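**Student:** Here is a sequence with its predicted model. Questions after.
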Amino acid sequence: MASQYTSLLSLPPELILEVADYLPLDGTVALKLSHRILNCTLPLASRLRNQTPSHCARLAVRSYLAKPSQTHLRCVLCKAVYPLKSFQSSSSPTCRSSSPQTNVEDIEVVKLPPRLCAWHIGRLVRIVRTKPGGRNEWVDTCEEMCMHCGAVQAWAKCVCKCDSCGFRDVTVYTRFLNNDVECKWYVFYRKLVEGGVSPLRKTGESQLFVRETCSDPDRFAPKRVIHMQVQHSTVDALGVVNGALTCTIDSCPPDVVSDLPAWSPSVL
């Protein structure tokens, strides 16, 4: 039985050239490098004469033509080159690679999109103030993020016109806060579910938690810490985000929490 689908390579050269007319310069380079037939079909000289590549397009072309590195990678957002470890969320000061309560091996804490370095985790978090007695929890959602300016489109629409960077779906985290005491500092960590073996193995599962340091008028009193589970939210027909709340509270001596990074939501 003959296939009902037509591949790009089976199209006449005229149609391939027409498709390439809608691509930015770095997109044409990426298409050329995908197959030897496309490499021979798509010219670059005429495009270079007719347009000036943007800074983002130049960096993208440079990444396509560079030899793969086993140690470093260029961040798709800030365009800087970092060691591969910098693209793991566990390298961020807002994440702990293991639970503060259990012995858990190093794991990825929050989900980062490909080629986005851990320096941008703060862009994936926001604090939403609610009324006293109102909603008080952490939830995660999947939203669209501009890879040129870093704006999450559901939070603040951007007007970027860059054809090279584009948009990606990312997991973002919202803290609904109904008081002025909690969430002065926060750290993400993962915790094994009961009976789990390892978050990296199929036989074990982990849940995302946030450890928050609360403020206290008495600065000599033991610091109060709460542990809140991040709930996976859903959006109903009215566009309302739904989730549940899990929270535990404990008091720790100052020296126990002194190693927490001084990461305040006010700077996000």
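**Tutor:** Here it is on my side, so go on. Keep in mind the model is a prediction, meaning the values are calculated, not measured.
**Student:** check contacts around the residue most central in space within the chain.
**Tutor:** Closest to where the C-alpha atoms of the chain average out (CA atoms, centre = their mean) is residue 112, at 3.5 Å. With contact taken as CB atoms under 8 Å, 6 or more residues apart in numbering, residue 112 is in contact with 87, 88, 89, 118, 121, 170. To be clear about C-beta, it is placed using only N, CA and C from the backbone, and glycine gets the same treatment.
**Student:** out of everything not next to it in sequence, what's closest to the fifth one?
**Tutor:** Spelled out, it's residue 121. Spatial nearest neighbour of residue 121, chain neighbours left out: residue 92 (4.8 Å); criterion: CB to CB, 6 or more residues apart in numbering.
**Student:** Which parts of the protein are strands?
**Tutor:** 72-74, 81-83, 125-129, 137-146, 167-177, 185-192, 206-213, 223-232, 234-235, 241-242, 247-252 (DSSP state E).
**Student:** Can you add distance to residue 43 and mean pLDDT and give those strands back as a markdown table?
**Tutor:** Converted to a markdown table, the strands of the chain look like this (distance: least, CB to CB, whole Å; pLDDT from 0 to 100):
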| stretch | distance to residue 43 | mean pLDDT |
| --- | --- | --- |
| strand 72-74 | 27 | 92 |
| strand 81-83 | 30 | 94 |
| strand 125-129 | 45 | 96 |
| strand 137-146 | 31 | 95 |
| strand 167-177 | 29 | 95 |
| strand 185-192 | 48 | 90 |
| strand 206-213 | 49 | 92 |
| strand 223-232 | 48 | 91 |
| strand 234-235 | 46 | 56 |
| strand 241-242 | 49 | 50 |
| strand 247-252 | 61 | 41 |
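**Student:** need those in JSON lines with distance to residue 161, can you?
**Tutor:** Conversion of these to JSON lines gives the following (distance: least, CB to CB, whole Å):
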{"stretch": "strand 72-74", "distance to residue 161": "22"}
{"stretch": "strand 81-83", "distance to residue 161": "25"}
{"stretch": "strand 125-129", "distance to residue 161": "25"}
{"stretch": "strand 137-146", "distance to residue 161": "11"}
{"stretch": "strand 167-177", "distance to residue 161": "13"}
{"stretch": "strand 185-192", "distance to residue 161": "34"}
{"stretch": "strand 206-213", "distance to residue 161": "35"}
{"stretch": "strand 223-232", "distance to residue 161": "34"}
{"stretch": "strand 234-235", "distance to residue 161": "29"}
{"stretch": "strand 241-242", "distance to residue 161": "30"}
{"stretch": "strand 247-252", "distance to residue 161": "43"}
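**Student:** Of those strands, which is nearest residue 10?
**Tutor:** strand 167-177 (29.8 Å; CB to CB).
**Student:** Now do stretch 118-129: everything it contacts.
**Tutor:** Taking contacts as CB under 8 Å, 6+ apart, the residues outside stretch 118-129 that touch it are 75, 77-78, 86-92, 94-95, 110, 112, 145, 150, 152, 155, 170-178, 183, 263, 265, 267-268.
**Student:** Which positions in that stretch come out as buried?
**Tutor:** Of the residues in stretch 118-129, 118, 119, 120, 121, 122, 123, 124, 125, 126 count as buried by neighbour count, 16 or more other CB atoms under 10 Å.
**Student:** Out of these, which is nearest to residue 11?
**Tutor:** residue 120 (38.3 Å).
**Student:** burial of the nearest residue to residue 35 once chain neighbours are set aside, as a residue count?
**Tutor:** Among residues not flanking residue 35 along the chain, residue 9 sits closest, at 6.4 Å (CB to CB, 6+ apart). A total of 11 residues lie near residue 9 under the criterion other CB atoms under 10 Å.
**Student:** my guess is residue 9 meets residue 36, correct?
**Tutor:** No - using CB atoms under 8 Å, residue 9 makes no contact with residue 36, being 10.0 Å away.
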